[in-house]
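In: Return a 3D structure for these sequence lines:
(one chain, ligands or ions: 1)
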Amino acid sequence: MPTLLHIDSSPLYGRSVSRELTAAFVAEWKASHPDGKVIERDLNATTILPITAEWVGAGYTPEDARTPEQKAVLALSDSLVAELEQADEYVIGVPMHNFGVPSVLKLWIDQIARAGKTFSYADGTPKGLLTGKKATFLIATGGIYDAQTQMASFNFVEPYLRSVFGFLGVTDATFLTAGGTMALNYGQDRAAFLAPHLQAVQTHVQTI
Ligand SMILES: Cc1cc2nc3c(=O)[nH]c(=O)nc-3n(C[C@H](O)[C@H](O)[C@H](O)COP(=O)(O)O)c2cc1C
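Out: The predicted model follows:
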C-alpha cells in the first residue's frame with residue numbers, strides 16, 4: 001500500500017498558504033492512490049522539546065543497553081522516525097519565518113536526524129538511511145526570493161531543506177514555492193493568487 005506522510009508547520013491554519021497547498025496535494029494524491037494511506041503529522045499540534053544532553057546520551061547508547069528513562073526520552077523521536085520509514089512519499093508544508101524554516105520544523109528535524117537510524121557514519125563517510133523516498137516541499141514566502149533577484153541570497157529555506165534531507169538520503173526532492181504572499185495582506189484576491197500554485201501542485205502530483 002503506498003503511504004504518504006503529510007507534514008504541516010504553519011501556525012496560521014485557515015489563513016495559511018502552505019497548508020492550503022499541502023491539502024490540495026493530499027486530495028490529488030488520494031484521488032490517484034485510492035488504496036493509499038496518509039499519515040498526518042501537524043507540527044503545530046505536536047509538542048516537541050529542544051534537544052537535551054539526556055537525549056543525546058540516550059541516542060548514542062546502544063539500543064539494547066538503554067535504560068527505561070532513556071527509552072522514554074527517545075520515544076517521540078522513535079515514532080517520528082517510524083513515520084518517515086513507513087512512508088514512501090512525503091509532502092511538507094513550509095512557511096518562511098525569518099528567512100528560514102519555522103521553529104517547529106527545526107525542532108522536528110532535530111528529532112528525526114538520528115545517527116544509526118536516519119544517517120550513518122559507520123564507514124567514515126556520511127550515508128543517508130532514508131532511501132527510496134520522494135519528497136515534495138510546498139513553501140510559502142511573504143517576499144520573493146527567486147534566483148537572480150536581489151533577495152535570493154536571503155532564502156535559507158530551500159538550500160537548508162535540500163541539504164538536510166539529502167544528508168538523510170532523501171535526494172528525490174521537489175520544491176514548489178508560492179512567493180509574494182504578502183500581497184494577500186494588501187488586497188490581492190486569494191483565489192487568484194493561489195490558482196497557479198494549486199495548478200502546479202496538481203500537475204506535480206500527476207507526474208510523481
Ligand atoms: C513569524 C513570521 C516570520 C516571517 N518571516 C518572513 C521572512 O523572513 N521573509 C518573508 O518573505 N516572509 C516572512 N513571513 C511571511 C510568511 O513567509 C508568509 O506569510 C507565508 O505565507 C507563510 O506561510 P503560511 O501562509 O503557510 O503560514 C513571516 C511570517 C511570520 C508569521
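In: got the phi/psi numbers for the residue nearest to Gly143 when sequence neighbours are not counted?
Out: Nearest residue to Gly143, sequence neighbours excluded (C-beta to C-beta, 6 or more residues apart in numbering): Met151, at 5.9 Å. The way it works is simple: take the backbone N, C-alpha and C, and place the C-beta from them, glycine included. When quoted as degrees, to the nearest 10, the phi and psi of Met151 stand at phi -90, psi 0.
In: Contacts only, for Met151.
Out: Listed by C-beta atoms under 8 Å, 6 or more residues apart in numbering, the contact set of Met151 reads Gly143, Ile144, Tyr145.
In: What residues does the last one make contact with?
Out: Residues in contact with Tyr145 (C-beta under 8 Å, 6+ apart) are Met96, Met151, Ala152, Phe154, Asn155, Thr177, Gly179.
In: Any of these buried? List them.
Out: Among the contacts of Tyr145, those scoring as buried are Met96, Asn155, Thr177, Gly179 (criterion: 16 or more other C-beta atoms under 10 Å).
In: Mind jotting down where the strands sit in the protein?
Out: Counting by DSSP state E, one finds strands in the chain at the ranges 3-8, 37-42, 89-95, 119-120, 127-128, 134-141, 172-179.
In: ok and the third one relative to strand 172-179, angle-wise?
Out: If I follow you right, that is strand 89-95. Interaxial angle of strand 89-95 relative to strand 172-179 (axes from the mean of the first three to the mean of the last three C-alpha atoms, to 10 degrees): 30 degrees.
In: Can you confirm whether strand 89-95 lies near the ligand?
Out: Yes - contact of strand 89-95 with the ligand (C-beta under 6 Å from any ligand atom) involves Pro95.
In: hang on, the earlier thing: export the strands of the chain to a markdown table and append columns for mean pLDDT.
Out: Shown next, in a markdown table, are the strands of the chain (pLDDT from 0 to 100):
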| stretch | mean pLDDT |
| --- | --- |
| strand 3-8 | 98 |
| strand 37-42 | 98 |
| strand 89-95 | 98 |
| strand 119-120 | 96 |
| strand 127-128 | 97 |
| strand 134-141 | 98 |
| strand 172-179 | 98 |
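In: out of these, deepest packed?
Out: When you average the neighbours per residue for each of those (mean count of other C-beta atoms under 10 Å), strand 89-95 leads with a mean of 25.
In: rewinding a little: so which of the contacts of Met151 are also by the ligand?
Out: Among the contacts of Met151, the ligand is touched by Gly143 when using C-beta under 6 Å from any ligand atom.
In: picking that back up, just send the strands of the chain back as JSON lines, with distance to Phe25 too.
Out: As requested, those are exported to JSON lines (distance: least, C-beta to C-beta, whole Å):
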{"stretch": "strand 3-8", "distance to Phe25": "8"}
{"stretch": "strand 37-42", "distance to Phe25": "10"}
{"stretch": "strand 89-95", "distance to Phe25": "5"}
{"stretch": "strand 119-120", "distance to Phe25": "26"}
{"stretch": "strand 127-128", "distance to Phe25": "23"}
{"stretch": "strand 134-141", "distance to Phe25": "7"}
{"stretch": "strand 172-179", "distance to Phe25": "9"}
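In: And those strands: which comes nearest Glu54?
Out: Closest to Glu54 of the strands of the chain, according to C-beta to C-beta: strand 119-120, at 20.9 Å.
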